[in-house]
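Novice: Below is the structure, and that's it, no one-letter string:
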């Protein structure tokens, strides 16, 4: 199984104004570094939770269709754009969207054949199945749960205020606080 970020989000969950406000910074001189810390905090939070916060497009590749459903990494899943596969003759095929369904209400989205249908046979070569899908809470930070946004704010503040290596106690307490806010959203990798 392979997963590639095809189209990155257009925005961050928290813009520079929100980060400056949280940091109580009233100038724009450090916008570049504050933005970088915000991106790093978001990336850390997404990696910890195994989730996608703002809408992005992913391409998932499989060597063959599984017996039942296909779990879509980096939830929440929004839509499946296409499913392509290499048939047993070696020809690339686009699977008709009427033949499969997406369960986006599950914690980890799943795509499966509709009732009475089966996944088609593939050639069995590496990357015989390619699924393009969208994942994320929405197109802006307004869709992201508040505790996730708060964790990003806290981690950004930690990076900003501790540009040099801090004491182990401070880092341990910060890690506990951030993880406590993110833990309810953490999913096992699929």
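Specialist: That came through fine. It should be emphasised that the depicted structure is a prediction, and the values quoted were computed from it without experimental measurement.

Novice: Check what pLDDT the residue nearest the centre of the chain gets.
Specialist: In the chain, the C-alpha nearest the mean C-alpha coordinate belongs to residue 52, at 2.0 Å (CA atoms, centre = their mean). Note on residue 52: pLDDT of 98.

Novice: I figured it hits residue 46, correct?
Specialist: Yes - contact criterion CB atoms under 8 Å: residue 52 and residue 46 qualify, at 6.6 Å. All C-beta spots, glycine's among them, are computed from the backbone N, C-alpha and C.

Novice: between these two, what contacts are shared?
Specialist: Common neighbours of residue 52 and residue 46 (criterion: CB atoms under 8 Å, 6 or more residues apart in numbering): residue 74.

Novice: distance of residue 91 from residue 123?
Specialist: Separation of residue 91 from residue 123 (CB to CB, to the nearest Å) stands at 9 Å.

Novice: If you count surrounding residues, which of these two has more?
Specialist: Taking neighbours as other CB atoms under 10 Å, residue 91 and residue 123 compare with residue 123 leading, 15 against 9.

Novice: was I right about that one contacting residue 65?
Specialist: No - Residue 123 lies out of contact with residue 65 (CB under 8 Å); the separation is 11.4 Å.

Novice: May I see the buried residues of stretch 20-40?
Specialist: Under the neighbour-count criterion of 16 or more other CB atoms under 10 Å, stretch 20-40 has 20, 22-23, 34-35, 37-38 buried.

Novice: ditto for stretch 68-82
Specialist: The neighbour-count check on stretch 68-82 (16+ other CB under 10 Å) flags 69-78, 80 as buried.

Novice: okay, those in a markdown table with distance to residue 99 and pLDDT next?
Specialist: Putting these into a markdown table (distance: CB to CB, whole Å; pLDDT from 0 to 100) gives the following:
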| residue | distance to residue 99 | pLDDT |
| --- | --- | --- |
| 69 | 14 | 96 |
| 70 | 13 | 97 |
| 71 | 19 | 97 |
| 72 | 17 | 97 |
| 73 | 22 | 97 |
| 74 | 24 | 97 |
| 75 | 23 | 97 |
| 76 | 23 | 97 |
| 77 | 18 | 97 |
| 78 | 20 | 97 |
| 80 | 12 | 98 |
